[in-house]
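# I would like the atomic coordinates for the input below:
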Amino acid sequence: MLQSIWDDAKRELSRGNMITQLIIINVAVFVIINLVRLFFFLGNGGSVPELYSTILHFFCMSSDWKFFLTHPWGMFTSMFLHEGFWHLLWNMLFLYWFGRIVGDFIGDQRILPLYLLGGLMGAVVFFISANLLPYGMGGRFALGASAGVMAIVVAAGTISPDYIMRLLLLGDVKLKYIVAVLVFLDLILIPNGGNTGGHFAHLGGAFFGWLFVTQLRNGNDLSEPVNNILDRIRDFYDRITSGKSKGRRPKVVYRNPNRQRSTTSSRGQAASDTNNGNSSAYQEKLDKILDKIKDSGYDSLTKEEKEFLFNASKR
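Residues are numbered from 1 along each chain as shown. From the prediction side, this is the model:
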């Protein structure tokens, strides 16, 4: 059974979409952390030693600036780290529900950058708020995917506010109301004191989700720099593991300026550019469809527009 689970996880990591991959990584880290905690518990006479907390905090985001300077990787590792089951469960459910919407509308390739940048924004807001407000005195630690998930949640609501989700006991509810309630809950729970830093981090991630979609509509794709860095890391890893340098495609260094094309050929090329995303017309058409969804909802799209959006989501 364990081998079958392992094989399924490897297959989904290599072939599944980014939402599935993020869920698998978060669940795997959760399992490892809790197994480590169990071993410490059993080997220490029924109590968890301080060493476990030291190991856990090694991967957390700290509000203490001295600790942060010596553990800067915590900004990244903390967004994949969960210790509690319910914390993990709700984060992964929200990631799955809202991540599918974001991936369908703006493409699976933008999910990971949105998750990472939203998590980083949440870490920054957590650090600043913990050092400016009394709740952070003494140096606290933050962990969990909540900020990155909230970035995806708010991005989904910003992309298509009138998108309908069917909720248990409530029936059909527009996405904008669900997102508004989630953000409002983080606001009103700040004074409770149980997870003040976490709620500030959630709001930081929520703000970035809105900013990401707003910038995308203005023609600024904030995911491009992240994807470029990730591509370089993958290329470097491939070269290391294969022992070969990755071949490059030949570049065109000369083109005949006297070459003529027929009107029909030019029109066909323009249509091909629009469909393949090689011209500004493609982005304009995509923006018009997203604006139409915002104003009238997804169901108002024509069959051609839905097909265009579906093909765009796979780019």
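
# Spatially, which residue comes closest to residue 204, not counting chain neighbours?
residue 125 (3.0 Å; CB to CB, 6 or more residues apart in numbering). Just so you know, the C-beta spots here come from the backbone N, C-alpha and C atoms, and that holds for glycine as well.

# my read: residue 108 touches residue 16, true?
No. Counting by CB atoms under 8 Å, residue 108 does not reach residue 16; the two are 10.0 Å apart.

# quick one: which of the two has more around it?
Shown here are residue 108 and residue 16; by other CB atoms under 10 Å, residue 108 has more neighbours (19 against 16).

# What residues of the host helix or strand of residue 228 count as buried?
Assigned by DSSP states H and E, residue 228 belongs to helix 223-242. Judged by neighbour count using 16 or more other CB atoms under 10 Å, the buried positions of helix 223-242 are 223, 226.

# Please, where are all the strands along the stretch 101-250 of the chain?
141-142, 164-167, 171-174 (DSSP state E, counting those that start in this stretch).

# With residue 241 as the reference, name the closest of the ones you listed.
Residue 241 lies closest to strand 141-142 among these, at 33.7 Å (CB to CB).

# mind checking how far that closest one is from the chain centre?
Put simply, strand 141-142 sits 20 Å off its chain's centre (CA atoms, centre = their mean, to the nearest Å).

# Could you do stretch 305-312 as well?
Relative to its chain's centre, stretch 305-312 lies at 22 Å (CA atoms, centre = their mean).

# Just the buried positions in it, please.
By 16+ other CB under 10 Å, the buried positions in stretch 305-312 come out as 305, 308, 309, 312.

# Pick out the residue closest to the middle of the protein.
What sits nearest the mean C-alpha location of the chain, by CA atoms, centre = their mean, is residue 115, with 2.1 Å.

# which ones are touching that one?
Shown in contact with residue 115 (CB atoms under 8 Å, 6 or more residues apart in numbering): 22, 79, 95, 145, 148, 149, 151, 152.

# isn't the fifth one right next to residue 118, touching?
Yes. Here residue 148 reaches residue 118: they are 4.5 Å apart, a contact under CB under 8 Å.

# How about the longest helix seen in the chain, which residues are buried there?
Secondary structure of the chain per DSSP state H: the longest helix is helix 18-43. By 16+ other CB under 10 Å, the buried positions in helix 18-43 come out as 18-24, 26, 29-30, 33, 37, 40.

# again with stretch 2-19
By neighbour count with 16+ other CB under 10 Å, stretch 2-19 contains the buried residues 9, 16, 18, 19.

# what about dumping the CA coordinates of it to CSV?
What follows is stretch 2-19, C-alpha atoms only, in CSV (Å, rounded to 0.1, in the frame of the first residue of the first chain):
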residue,chain,number,x,y,z
LEU,A,2,2.7,2.4,0.9
GLN,A,3,4.5,1.7,-2.4
SER,A,4,1.3,2.4,-4.3
ILE,A,5,0.9,5.8,-2.5
TRP,A,6,4.5,6.7,-3.2
ASP,A,7,4.1,5.8,-6.9
ASP,A,8,0.9,7.9,-7.1
ALA,A,9,2.6,10.9,-5.4
LYS,A,10,5.6,10.7,-7.8
ARG,A,11,3.3,10.5,-10.8
GLU,A,12,1.3,13.5,-9.7
LEU,A,13,4.4,15.5,-8.9
SER,A,14,5.8,14.9,-12.5
ARG,A,15,2.5,15.1,-14.4
GLY,A,16,-0.1,16.8,-12.2
ASN,A,17,-1.0,20.5,-12.3
MET,A,18,0.6,23.0,-9.9
ILE,A,19,-2.2,22.9,-7.4
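
# Using the record's assignment, carve the protein into domains.
As given by automatic domain parsing, the domain ranges for the chain are 2-225, 283-315.

# Mind checking what helix or strand follows the lowest-mean-pLDDT helix or strand in the chain in sequence?
Within the chain, no helix or strand scores below helix 263-276, which has a mean of 47 by mean pLDDT, DSSP states H and E. Downstream of helix 263-276, the next assigned helix or strand under DSSP H and E is helix 280-296.

# Past that following helix, which element shows up next along the chain?
Next in sequence after helix 280-296, counting helices and strands by DSSP H and E, comes helix 303-313.

# angle of that following helix against helix 280-296?
Interaxial angle, helix 303-313 versus helix 280-296 (axes from the mean of the first three to the mean of the last three CA atoms, to 10 degrees): 110 degrees.

# Compute the distance between residue 15 and residue 177, please.
35 Å (CB to CB, to the nearest Å).

# err, residue 185, not the other one
Per CB to CB, residue 185 is found 13 Å from residue 177.

# which neighbours do these two share?
With contacts defined as CB under 8 Å, 6+ apart, no residue is shared by residue 185 and residue 177.

# Please identify which of the two sits among more neighbours.
Between residue 185 and residue 177, residue 177 has the larger neighbour count (other CB under 10 Å), namely 14 against 11.
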